[in-house]
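[1] have a look; sequence and predicted model below, questions after that.
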Amino acid sequence: MKCIANFLSLRKLNLSIMKKFLTGIFIIAAILFCYAVYADNDILRTIVKPIPLILLLFMIKPNSTYNKLIFIGFIFSLAGDVFLMKVIDQFMFGLIAFLIAHVFYIIAFVKRNNRLKILSAIPFYVIAGLLAVFLAQYTGDMTIPVIVYITVIITMAWRAYIQKNYSGISKFAFFGAFLFVFSDTNIAFTKFYEDYDFSKIVTIVLYWSAQYLIAKSVSSFYLETKRL
């Protein structure tokens, strides 16, 4: 029994070291991408952009319902990253991919807390309505898709808020969801209204921080075996 305990302890240590190693690569890839944007290096930008999400997929073990849903969400997010690459530039397909990712995040958060708590939704949808009204002046033919997307991502943020007290790590999903809202709002603002210097770097830093925090809300990220 002692040998088995030692083996499991060593395995857990190795997994912890591997996770730290992958996190290090995640940060390096993010820095390289930001440099590529600053230097306007399309080749480096194309090579590096998918790496962070691929690493997060390696760091998550889909061994529970919640973990599986987040894992699938990351797959669609990765697809969205690819569609939004400068060399591909398929905004609508990217929008659809991320919308599907948010749907999986919503389902995951509802699995942790399925209480409606309608009153808590009011401030979220008021903000969504104000944002939709503002952007509708500039979105043209994209108005309906943008409104649908805003509705879905604000729902994701609301459900992340509802589940934040489910466990000690649930708060990471809450923080990640809000950073996601800020990242996507920044995309909408710069695409449809007015761009500004280093906006792409701001967007991607918020986005990858959001995804990393959502990953930290997954039990296997901490090498736990609890099933949801």
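    Sure, I can see it. Everything quoted here is computed from the prediction, not taken from an experiment.
[2] residue contacts, residue 207?
    Taking C-beta atoms under 8 Å, 6 or more residues apart in numbering, we find residue 207 in contact with 179-180, 183. Using the backbone N, CA and C atoms, a C-beta is placed for each residue, glycine as well.
[3] select from those residues the one having the most neighbours.
    residue 180 (26 neighbours; other C-beta atoms under 10 Å).
[4] hey, where'd the helices end up in the protein?
    For the chain, the helices defined by DSSP state H cover 2-39, 42-48, 51-59, 65-83, 91-112, 118-136, 143-162, 170-188, 199-216.
[5] dump the ones you listed into CSV; add mean pLDDT as well.
    CSV is the format used below for the helices of the chain (pLDDT from 0 to 100):
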stretch, mean pLDDT
helix 2-39, 77
helix 42-48, 96
helix 51-59, 95
helix 65-83, 97
helix 91-112, 97
helix 118-136, 97
helix 143-162, 97
helix 170-188, 97
helix 199-216, 97
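[6] which other residues reach stretch 100-116?
    65-66, 69-70, 72-77, 80, 152-153, 155-156, 159-160, 162-163, 165-167, 170, 173, 177, 180, 214, 228.
[7] quick check: buried residues in that stretch?
    Residues of stretch 100-116 classed as buried: 100-113 (neighbour count, 16 or more other C-beta atoms under 10 Å).
[8] off-centre distance for it?
    13 Å (C-alpha atoms, centre = their mean, to the nearest Å).
[9] stretch 110-119 too?
    So, by C-alpha atoms, centre = their mean, the centroid of stretch 110-119 is 20 Å from its chain's centroid.
[10] what about it, start to end distance?
    16 Å (C-alpha to C-alpha, to the nearest Å).
[11] quick check: the closest residue to residue 72 other than its chain neighbours vs residue 60, distance?
    Using C-beta to C-beta, 6 or more residues apart in numbering and skipping the chain neighbours, the partner closest in space to residue 72 is residue 104 (4.9 Å). For residue 104, the distance to residue 60 equals 13 Å [C-beta to C-beta, to the nearest Å].
[12] which residues do these two both contact?
    Common neighbours of residue 104 and residue 60 (C-beta under 8 Å, 6+ apart) are residue 70.
[13] OK, contacts around residue 54?
    Residues in contact with residue 54 (C-beta under 8 Å, 6+ apart) are residue 78.
[14] residue 50: how many residues sit nearby?
    Around residue 50 sit 16 other residues, with neighbours defined as other C-beta under 10 Å.
[15] for it, give its distance to residue 62.
    Where residue 62 is concerned, residue 50 sits at a distance of 19 Å (C-beta to C-beta).
[16] what does residue 182 give?
    Noted for residue 182: a distance of 27 Å to residue 62, by C-beta to C-beta.
[17] again with residue 103
    17 Å.
[18] cool, and residue 168?
    Distance check for residue 168 against residue 62: by C-beta to C-beta, it reads 21 Å.
[19] if you count surrounding residues, which of those two has more?
    Counted by other C-beta under 10 Å, residue 168 and residue 62 do not tie: residue 62 has more neighbours, with 16 against 9.
[20] got phi/psi on that one?
    In terms of degrees, to the nearest 10, the main-chain angles of residue 62 are phi -80, psi 70.
[21] is it true that it touches residue 68?
    Yes - between residue 62 and residue 68 there is a contact under C-beta atoms under 8 Å: 4.4 Å.
[22] per-residue confidence at residue 1?
    Listed pLDDT for residue 1 reads 53.
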